[in-house]
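# show me how the following folds:
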Amino acid sequence: MSSTGTPTGRGLRVLGPAVVLLAVVLGCWAVVDQREEIGDALGELTWWAAPVSFLAGAAGVYAIFRSWASVVADHGIDLTRQQALRIYGVGQAGKYLPGSVWSVLTQAAMVREYGGSRARMGAASLVALLLSVTVALGLGGLVLPVANPEAAGRYWFAPVLALLLATLLAPPVLNRAIAVVARVLRRPTDAVRVTGSGIVRASGWAVLGNAFFGLHLLVLGEGVGLSGFRGFLLAVAAYSLAAGLGVLVVLAPAGVGVREVVIVVVLAMTTTAGAALTIALLSRILLLVIDLLLALTQVRRPGAARERSTVFVTRRFPPSVGGMETLADGVWRSISQARPDSVLIAHGGTNRGLLLWLPLAWLRLAALAVRGRVGLILVGDAPTYAALRPLRPLLRVIGVRSAVMVMGLDVTYENRLYRRLVPTALRRADLVIAISEATRQATIGAGVDADRIAVLRLGVDPPDQRVDAAVSRARVERSIGLDPEQVLVVTLGRLVARKGVRWFVAEVLPGLGPDVQYVVAGDGPELEPIRAAAAASGGAARVHLLGRVDDQMREDLLAACDLFVQPNIAVPGDMEGFGLVTIEAAMRDALVVAADLEGIKDAVLPGRTGILVRSGDVAAWTSTLTSLVADRPAMARAGASFGVAARALYNEKSMAVELCRLLGIEAGRTDQSQHA
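Numbering: from 1, shown residues only. Here you go, the predicted model:
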């Protein structure tokens, strides 16, 4: 038998919450699919019918639970009332999945938490299901002729079928069947012996449960022609036959469609077909609410003292590379070091893989939430947060808080469908974490309440102090073919229009001295236009387009360069959220010169960690860079001084402290009250 620490054990722990999740989705679909009919039905309901019917339905569910618990006890499974209710409540949601076995599988898996045998629980749940169908069909078949003598000939098959099933419930027959099935499945049940008294006790509870369900229908039909003792008997017959036949039609989740048809056909003997449909649809929605409330309230072990942890969901994560990936890696370290029980749901592959990752992430997150593992969800960017939108109602019911980081472009991206979905999702987040003041302003412009937005000063791991800048410089010179006396100017990042590299090559580089060599590492849609701009300006020999580089070359470029430039320009519908690479360069004592634009102003502090120049101002850029390269020793001293400040201000440890403060995370606990 697998322990709960094994992959098999983890799978068993996830099965119950996953069943509840899918049951919520399919159950809600069943209601949404019939929303117009339900809306009409609500208009005919008396004011007291819904609460009274709800209570009668809840009593019916409890009686059926006691029937199931009697069978379980008869199989020698020792559970407290709370433990049994939890297993039954979560398993009950399984009936809303296509097939009639999900409740059995979920209950068999969950009993392991209490040291029970899966084989015994599986056998008990099957017997309880068989008993429930038998009692329902038998009761319905016996009561219907009393309620309406004309129906005796039409529904003769119900008591006959119930009699056949009852034969299987006889202890000698049932015990032999259990032994045979166990032998075939190689799952010994340790000589389980079902007793006659146990079957009788369970059957009594099942009869009582169906009587309560009949009362539940009667109350709903009070205003549409269903009343009196005969009406009650007809309602009991209608529900019992519908419940029994609904289980037998295994492809219909919770007998959706089948159950309603049977109720309508039977009740139409006394009332109109429209009134019968009204009763059937209202019954469906009330019992759905009862079942799912029971499942959601019991999905965590009652009384279990469990700290709820933080889950970090990100679609950008190593081994893929980029600024978002670097930031996500640091965010995860910050959270996991503060709370080692935190959970990471990340995609480290290409965009193509997102189509598979997103639904799997959705299911895993929902399973963790309904198991009570989650107190707070932090999502790495706005589109991913919007993609989790279907989960929000479930998360709010369970009490899970949500926070999302916004990067800039994910707020300003111009697309009609995107603008309808993403900003709307952000407006409902408990906390929005902007990576710069410019991003905060853009988020406010998207309609998010300013009180919900906080700015986080980003940080990265400091560079390895063992890296020798002279060694890195020599490697770069050999790789590219540079002279030691030449000035090495570097830009790293994805080559898109807002980065301003093409503008820099065409407008600024020609005005700099011939010793200035411009190295660009990165790939993107601007690569060929940059190459063309270099050729057109006559500077092709001074522009080195390396494309995507490996980690070693990237580190060498940052450590070896004399100047690191970030010449961003304004692009409608796009923005630089922060400019994390400028921090990485400054931390390696490279002198950073960047555009005074958008989120870069949070990453480069003028005179402290770098130099800011007016974006798009050719004269300002040319004069600033010319004066710097004219005094290389002074340039090196400035870079070293700025590097000290950058390492102090933008280190990952400082970011971790601030991030955990914003999220309400302390070592060993998650305080969910701070962002209510």
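# which parts of the stretch 301-450 of the chain are helices?
All helices of the stretch 301-450 of the chain, identified by DSSP state H, counting those that start in this stretch, fall at 323-338, 354-370, 382-387, 392-398, 409-412, 416-426, 437-445.
# mind checking those helices for the one nearest to residue 201?
With respect to residue 201, and counting by CB to CB, the nearest of the helices of the stretch 301-450 of the chain is helix 354-370 at 32.0 Å. Using the backbone N, CA and C atoms, a C-beta is placed for each residue, glycine as well.
# who does the closest one touch, helix- and strand-wise?
In this structure, helix 354-370 packs against helix 7-32, strand 309-314, strand 343-346, strand 374-379, helix 382-387, helix 392-398, with contacts taken as 3 or more CB pairs under 8 Å, 6 or more residues apart in numbering; DSSP states H and E.
# save the helices of the stretch 301-450 of the chain as a markdown table, and put in distance to residue 493 too.
Shown next, in a markdown table, are the helices of the stretch 301-450 of the chain (distance: least, CB to CB, whole Å):
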| stretch | distance to residue 493 |
| --- | --- |
| helix 323-338 | 7 |
| helix 354-370 | 21 |
| helix 382-387 | 20 |
| helix 392-398 | 34 |
| helix 409-412 | 13 |
| helix 416-426 | 23 |
| helix 437-445 | 17 |
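# can you add mean neighbour count and give the ones you listed back as a markdown table?
A markdown table is the format used below for those (neighbours: other CB atoms under 10 Å):
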| stretch | mean neighbour count |
| --- | --- |
| helix 323-338 | 21 |
| helix 354-370 | 18 |
| helix 382-387 | 23 |
| helix 392-398 | 16 |
| helix 409-412 | 24 |
| helix 416-426 | 15 |
| helix 437-445 | 20 |
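# which of these comes out lowest on mean pLDDT?
Lowest mean pLDDT within the helices of the stretch 301-450 of the chain: helix 392-398, a mean of 68.
# for the stretch 501-650 of the chain, just list every one of the helices.
501-503, 527-537, 551-560, 580-587, 600-603, 618-629, 632-649.
# tell me how far the residue lying closest to residue 418 once chain neighbours are set aside lies from residue 354.
Distances taken as CB to CB, 6 or more residues apart in numbering put residue 383 closest to residue 418, at 7.7 Å, once the chain neighbours are dropped. Noted for residue 383: a distance of 10 Å to residue 354, by CB to CB, to the nearest Å.
# now do the shared contacts for these two.
residue 315 (CB atoms under 8 Å, 6 or more residues apart in numbering).
# would you turn the helices of the stretch 501-650 of the chain into JSON lines with distance to residue 611, mean neighbour count and mean pLDDT?
Shown next, in JSON lines, are the helices of the stretch 501-650 of the chain (distance: least, CB to CB, whole Å; neighbours: other CB atoms under 10 Å; pLDDT from 0 to 100):
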{"stretch": "helix 501-503", "distance to residue 611": "18", "mean neighbour count": "24", "mean pLDDT": "96"}
{"stretch": "helix 527-537", "distance to residue 611": "23", "mean neighbour count": "17", "mean pLDDT": "93"}
{"stretch": "helix 551-560", "distance to residue 611": "17", "mean neighbour count": "19", "mean pLDDT": "90"}
{"stretch": "helix 580-587", "distance to residue 611": "11", "mean neighbour count": "26", "mean pLDDT": "91"}
{"stretch": "helix 600-603", "distance to residue 611": "11", "mean neighbour count": "24", "mean pLDDT": "91"}
{"stretch": "helix 618-629", "distance to residue 611": "7", "mean neighbour count": "17", "mean pLDDT": "94"}
{"stretch": "helix 632-649", "distance to residue 611": "8", "mean neighbour count": "17", "mean pLDDT": "92"}
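# mind checking how far whichever helix in the chain runs longest is from the chain centre?
As assigned by DSSP state H, the longest helix anywhere in the chain is helix 118-147. Once both centres are worked out by CA atoms, centre = their mean, to the nearest Å, helix 118-147 turns out to sit 37 Å from its chain's centre.
# need the contact list for the residue lying closest to residue 609 once chain neighbours are set aside.
Leaving aside its sequence neighbours, residue 609 sits nearest to residue 646 (CB to CB, 6+ apart; 4.4 Å). Listed by CB under 8 Å, 6+ apart, the contact set of residue 646 reads 583, 586-587, 609-610.
# check the residues you listed and tell me the two furthest apart.
587 and 610 (11.1 Å).
# contact partners for the nearest residue to residue 435 once chain neighbours are set aside?
Distance criterion CB to CB, 6+ apart; nearest residue to residue 435, sequence neighbours excluded, is residue 578 at 4.5 Å. Contacts for residue 578 (CB under 8 Å, 6+ apart) come out as 323, 407-408, 435-436, 439, 458, 599-600, 602-603.
# ok, now residue 446?
411-412, 423, 426.
# put together CSV for those residues, with distance to residue 344 on each row.
Converted to CSV, the contacts of residue 446 look like this (distance: CB to CB, whole Å):
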residue, distance to residue 344
411, 24
412, 28
423, 27
426, 22
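# and the residues you listed, which is closest to residue 114?
The shortest gap between residue 114 and any of the contacts of residue 446 belongs to residue 426, at 42.6 Å (CB to CB).
# distance check, that closest one against residue 599.
Separation of residue 426 from residue 599 (CB to CB): 17 Å.
# likewise residue 51?
Distance, residue 51 to residue 599, using CB to CB: 54 Å.
# got it, and residue 423?
18 Å.
# next one: residue 195
72 Å.
# neighbour count for the two, which is higher?
Neighbours were counted for residue 195 and for residue 599 using other CB atoms under 10 Å; residue 599 has more, 25 against 12.
# for the more buried one, what are its contacts?
Counted by CB under 8 Å, 6+ apart, residue 599 has contacts 408, 435-439, 575-579.
# could the residues you listed go into CSV alongside distance to residue 66?
Below are the contacts of residue 599 laid out as CSV (distance: CB to CB, whole Å):
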residue, distance to residue 66
408, 58
435, 55
436, 60
437, 61
438, 62
439, 57
575, 62
576, 64
577, 58
578, 60
579, 64
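# follow-up on the earlier one: between the helices of the stretch 501-650 of the chain, which gets nearest to residue 431?
Closest to residue 431 of these, according to CB to CB: helix 600-603, at 18.7 Å.
# is it true that residue 87 touches residue 108?
No: judged on CB atoms under 8 Å, residue 87 makes no contact with residue 108 at a distance of 9.3 Å.
# tell me, what's touching those two both at once?
Contacts common to residue 87 and residue 108, judged by CB under 8 Å, 6+ apart, are residue 121.
# and these two? Which one has more around it.
Ranked by neighbour count (other CB under 10 Å), residue 87 and residue 108 place residue 87 first, with 29 against 26.
# distance of residue 106 from residue 112?
Using CB to CB, we find residue 106 at a distance of 11 Å from residue 112.
# which one's more surrounded, these two?
Using other CB under 10 Å as the criterion, residue 106 and residue 112 rank with residue 106 on top: 29 against 19.
# fine by me, thanks again.
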